[in-house]
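Asks: Dropping the sequence and predicted coords here.
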Amino acid sequence: MMKGYTGFEAEWHDLFWEAEDAPDEGALVADFLAAEPGPSLYVGSGSGRLLGPLVRAGHEVIGLELSPEMVVLSRARFPEAEVIEEAWQDHQREGGYESIVIPAFTFQLFPDPRRQLERLREQSKRLYLTLFFPWAELSGDLPENRWYPDREIDLPGGAKGVLETRHRLREESGSLVRKHRYTLKDAEGKVVRREETEQRLRFFTDVALRKMLAETGWQIEKEISNLGEEGDGDDPVYVATFWLIGEA
Ligand SMILES: C[S@@+](CC[C@H](N)C(=O)[O-])C[C@H]1O[C@@H](n2cnc3c(N)ncnc32)[C@H](O)[C@@H]1O
């Protein structure tokens with residue numbers, strides 16, 4: 001069964017993103033949407049973190065989000081941004097969309113990536129996709145099967161939100177099972193509440209990904225490494241963004 005973000009994972013989602021100091025993907029999505037006008041669909045639009053500013057900037061894009069909690073956050077923060085509460089796997093629109101965007105690795109949460117690429121092709125002829133590759137997990141930089149500190153955020157009144165992560169790799173099947181442990185601590189450091197979630201993320205080698213895209217009718221129009229961050233040329237590609245065009 002598909003499960004969206006709930007509890008602390010939903011409530012603290014944006015704060016953890018902000019704490020990460022990662023480049024903002026919104027500008028990359030905006031470039032893609034500006035190349036062809038909508039209507040466009042943003043799959044996994046979450047709290048509206050990227051969707052809201054895109055709508056405010058005049059892009060004709062609507063959100064699709066599985067988690068009711070994320071939809072509530074999005075509608076409260078960006079009432080002008082339309083969001084459909086539904087799983088991508090159940091969603092269909094007569095006539096499809098001009099383009100579909102799936103930033104922030106949401107595609108990797110789908111259990112059946114090949115089938116979803118086919119469905120995406122049926123619903124649109126342009127696709128924006130961002131995928132991450134778990135180099136740190138594969139190289140052993142992050143320990144397997146053991147909790148490690150991930151990120152921490154400051155909450156009102158001196159409280160803290162602490163995120164720890166633990167993962168298992170299934171290299172043969174290209175999946176990474178990641179558990180997150182969210183802990184709310186009061187100003188004295190006492191644990192108030194703890195929640196655990198689990199996600200299975202698919203990852204693809206470069207060769208396997210290109211093959212799957214070609215076989216499902218997608219051509220690569222443009223590729224952006226590491227969200228456009230300047231590197232020295234030898235940096236591994238942790239995050240790959242694709243502009244895809246459906247073959248006629
Ligand atoms: C990694 S978060 C990204 C959120 C948002 N794109 C952002 O960058 O802030 C993934 C989001 O996709 C949603 N999601 C997961 N599976 C989904 C599905 N099958 N259909 C629609 N949304 C889904 C989750 O509930 C979550 O809000």
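Replies: Right, received. Where do you want to start?
Asks: phi, psi of the residue in the chain sticking out farthest from the centre?
Replies: Most distant residue from the mean C-alpha position of the chain: residue 188, 33.8 Å away (CA atoms, centre = their mean). With angles defined as degrees, to the nearest 10, residue 188 sits at phi -90, psi 0.
Asks: Check the gap between it and residue 19 for me.
Replies: To residue 19, residue 188 is 22 Å away according to CB to CB, to the nearest Å. From N, CA and C alone the C-beta is placed, and that goes for glycine too.
Asks: Please, which helix or strand holds residue 177?
Replies: Counting by DSSP states H and E, the element that carries residue 177 is strand 175-185.
Asks: and whatever helix or strand comes next after that strand with strand 175-185, angle?
Replies: Downstream of strand 175-185, the next assigned helix or strand under DSSP H and E is strand 191-202. Counting by axes from the mean of the first three to the mean of the last three CA atoms, to 10 degrees, strand 191-202 lies at 170 degrees to strand 175-185.
Asks: So which bits of the helix or strand just after strand 191-202 are buried?
Replies: With elements assigned by DSSP H and E, the helix or strand that comes after strand 191-202 is helix 206-215. Within helix 206-215, the residues that count as buried by 16 or more other CB atoms under 10 Å are 209, 213.
Asks: which strands and helices sit next to helix 206-215?
Replies: Identification of packing neighbours for helix 206-215 by 3 or more CB pairs under 8 Å, 6 or more residues apart in numbering; DSSP states H and E yields helix 113-123, strand 218-225.
Asks: Who does residue 153 form a beta bridge with?
Replies: Following DSSP bridges, residue 153 is listed with bridge partners residue 161.
Asks: Number of residues surrounding it?
Replies: As a burial measure, residue 153 scores 15 neighbours (other CB atoms under 10 Å).
Asks: my guess is residue 127 meets residue 222, correct?
Replies: No - Residue 127 is beyond contact range of residue 222, at 11.5 Å (criterion: CB atoms under 8 Å).
Asks: neighbour count winner among the two?
Replies: Higher neighbour count among residue 127 and residue 222: residue 127, with 25 against 13, using other CB under 10 Å.
Asks: which residues sit in contact with the more buried one?
Replies: Counting by CB atoms under 8 Å, 6 or more residues apart in numbering, residue 127 makes contact with 99-102, 120-121, 218, 242-244, 246.
Asks: Find the nearest non-adjacent residue to residue 199, please.
Replies: Nearest residue to residue 199 in three dimensions, chain neighbours excluded: residue 178, at 5.1 Å (CB to CB, 6 or more residues apart in numbering).
Asks: err, residue 183, not the other one
Replies: Nearest non-adjacent residue to residue 183, counting by CB to CB, 6+ apart: residue 162, 4.4 Å away.
Asks: Distance-wise, check residue 119 relative to residue 102.
Replies: For residue 119, the distance to residue 102 equals 12 Å [CB to CB].
Asks: Which one's more surrounded, those two?
Replies: residue 102 (25 against 18).
Asks: Below-threshold pLDDT in the protein: ranges please.
Replies: Along the chain, segments meeting pLDDT under 70 span 1-2.
Asks: mind listing the helices in it by residue range?
Replies: 7-11, 13-20, 26-35, 51-56, 68-77, 113-123, 135-138, 206-215 (DSSP state H).
Asks: Need the contact partners of stretch 152-170.
Replies: 8, 12, 15-16, 18-19, 134, 137-138, 142, 144-151, 175-187, 189, 192.
Asks: Quick one: residues contacting residue 176.
Replies: Residues in contact with residue 176 (CB under 8 Å, 6+ apart) are 134, 137, 167-170, 200-201, 203.
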